[in-house]
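Student: prediction below, plus the sequence it came from.
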Amino acid sequence: MTDTATTAVATDASGTVIPFPGAPLPRCRLCGHQGHWLGDHLAEEHRITLDDYLWAYPNSPTASQDAVAELDKVRQRKRRAHPPLDTELTVDIRGLSVCVNPDVAEDVCLPLPDHYAFPEHGDLGIDVLEALIAVLMRRHTYIYGMPGSGKDAFIHALSWLLRRPTLFRQLDPNVDVESWLYTREFDDVGTRFDEQELLICLRDGCTTATGRRIPWTVLITDFDRANPDQAEFIRVIVDSITGRVRGPAGRIYKVFPGTQIIVTANTSGGGDARGRMVSANPIDGSILDRFERTFEFHWMDWADEGPIVKAKHPLLVERCPDIFEQVGKATASLRKAINKNKLYGEFSHRALCAWLGHAQDIVSVTGRVEKNLARRSARAFLDKMPDADTRLAATKLIDPHIKGGLIGRGIDSAQRGSLGGFKA
């Protein structure tokens, strides 16, 4: 018997009839039967599996080309398509429903700070809400305030949660700002320019996974540490008519529409007014005026800060939760005095975490909760005070709120450093 063109039909898994054009059909080596698919024939007529058949007759055809082609079509029809991106994805921030960019990769967003929560209470709660509106509207924004008031953390959190591509840069007097935009090299041929990341982002925007082009946010921190030449580069970028950026060889490019510049600083641009930010420089008023929005951030209210520091220090929550009430009252007392210029020092969120962190370290190392834990661990921030008089003033402010008090106990050199016989 020879192979011949035979017209036949087959069915898919749902019983749908699949016609096949005439084509040579595979023949059963056991009985001569022809068909587009021999698997069912072998099982029904010969009671053997396809594997057994191919073991006995290696490389024997078992399905026609037409059957294979039609099966591929069926599989393609049944293959599930990748679910579409949720273009309506939103996240709630301070009661506002804000759209998220689901097609933006994580690696172009800033990381979410540990245990971050958007402040809702006190002055900072108001500051954050107003700044949030400006940032969502993509306004060029200048944010300044005390160290540790959460200026950069606020932008980091928005970048991560909203999937907003954000480029981070930090200023100091030694930074070559031009190198953020392009670099130049000299060789035998001449001068060669290489475009750098900031220039590319400002000019071209960000291409998402779906091919969209969206604007970048650029966060520049410590902007008040810039010298006049460093600050000058920002002038044309935040121009209210048409943002521009200078590229290699003096070439000028338009900034991608919607690009947002956010700078953070400890001062409002007038230089050091408190004697504590000596590296802060005055900033040209015409540059400051080009920022569409300016906001001052204050320190957190304890209603917001308390839950955050508890999340950061779980051992203290478990072993000595009363320390948070003591430290919380002391925090309010210190910051009130600082804000009224009655205490020459700082007590930022970082300083608060240094105090509680040292307390947690003591418990971790010794395995004990001492009665004077809050008093003993206070030196972790008191020793940061700039001089002995300021240290004494801070001690007097927090003394009423700490069990056992601080004055004359636990802060003198005879009491410091004892681990109660613990051996490392």
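Tutor: Received it, and whenever you're ready, just let me know what you need. Since the structure is predicted, the reported quantities are computational estimates derived from the model, not experimental observations.
Student: show me where the stretch 1-150 of the chain has its strands.
Tutor: Here the stretch 1-150 of the chain has its strands, by DSSP state E, counting those that start in this stretch, at 5-11, 17-24, 90-93, 96-99, 141-145.
Student: and for the stretch 151-300 of the chain?
Tutor: Remark: strands assigned in the stretch 151-300 of the chain by DSSP E, counting those that start in this stretch are 166-170, 182-186, 191-195, 206-207, 213-214, 217-221, 244-246, 252-254, 260-265, 293-297.
Student: which one of the strands of the stretch 1-150 of the chain has the lowest average pLDDT?
Tutor: When the strands of the stretch 1-150 of the chain are compared by mean pLDDT, strand 5-11 comes last with a mean of 45.
Student: if you compare the strands of the stretch 151-300 of the chain, which one is most tucked away?
Tutor: strand 260-265 (a mean of 25; mean count of other Cβ atoms under 10 Å). C-beta here means a position set from N, CA and C on the backbone, and glycine is covered the same way.
Student: run the angle between that strand and strand 217-221 for me.
Tutor: 10 degrees (axes from the mean of the first three to the mean of the last three Cα atoms, to 10 degrees).
Student: listing partners with orientation, what would you give for strand 260-265?
Tutor: When pairing is defined by DSSP bridges, strand 260-265 lines up against strand 141-145 (parallel), strand 217-221 (parallel).
Student: beta partners for Tyr142?
Tutor: Beta-bridge pairing of Tyr142 under DSSP bridges involves Val263, Thr294.
Student: tally up the residues packed near it, please.
Tutor: For Tyr142, the count of nearby residues is 25 (other Cβ atoms under 10 Å).
Student: I figured it hits Arg293, correct?
Tutor: Yes. In this structure Tyr142 lies within contact range of Arg293 using Cβ atoms under 8 Å: 7.2 Å.
Student: so for Val98, which of the strands paired with strand 260-265 sits nearest?
Tutor: Val98 sits nearest to strand 217-221 of all those, at 14.0 Å, using Cβ to Cβ.
Student: what mean pLDDT would you report for that closest one?
Tutor: For strand 217-221, the mean per-residue pLDDT is 97.
Student: now do stretch 153-172
Tutor: Regarding stretch 153-172, the rounded mean pLDDT is 96.
Student: list phi and psi for the most centrally placed residue in the chain.
Tutor: Per Cα atoms, centre = their mean, the C-alpha nearest to the average position across the chain is that of Pro111, at 2.2 Å. Pro111 adopts backbone torsions of phi -70, psi 150, taken as degrees, to the nearest 10.
Student: so who does Tyr344 touch?
Tutor: For Tyr344, the contacting residues are Gly275, Arg276, Pro386, Thr390, by Cβ atoms under 8 Å, 6 or more residues apart in numbering.
Student: are any of these buried, and which?
Tutor: Taking 16 or more other Cβ atoms under 10 Å as the criterion, what is buried in those is Arg276.
Student: where's the closest residue to Gly205 other than its chain neighbours relative to Pro58, distance?
Tutor: With sequence-adjacent residues excluded and distances taken as Cβ to Cβ, 6 or more residues apart in numbering, Gly205 is closest to Phe256, at 3.9 Å. Taking Cβ to Cβ, to the nearest Å as the measure, Phe256 falls 62 Å from Pro58.
Student: neighbour count winner among those two?
Tutor: Using other Cβ under 10 Å, the more surrounded residue of Phe256 and Pro58 is Phe256, with 19 against 7.
Student: I figured that one hits Thr207, correct?
Tutor: No. Applying Cβ under 8 Å as the test, Phe256 and Thr207 come out as separate, 11.0 Å apart.
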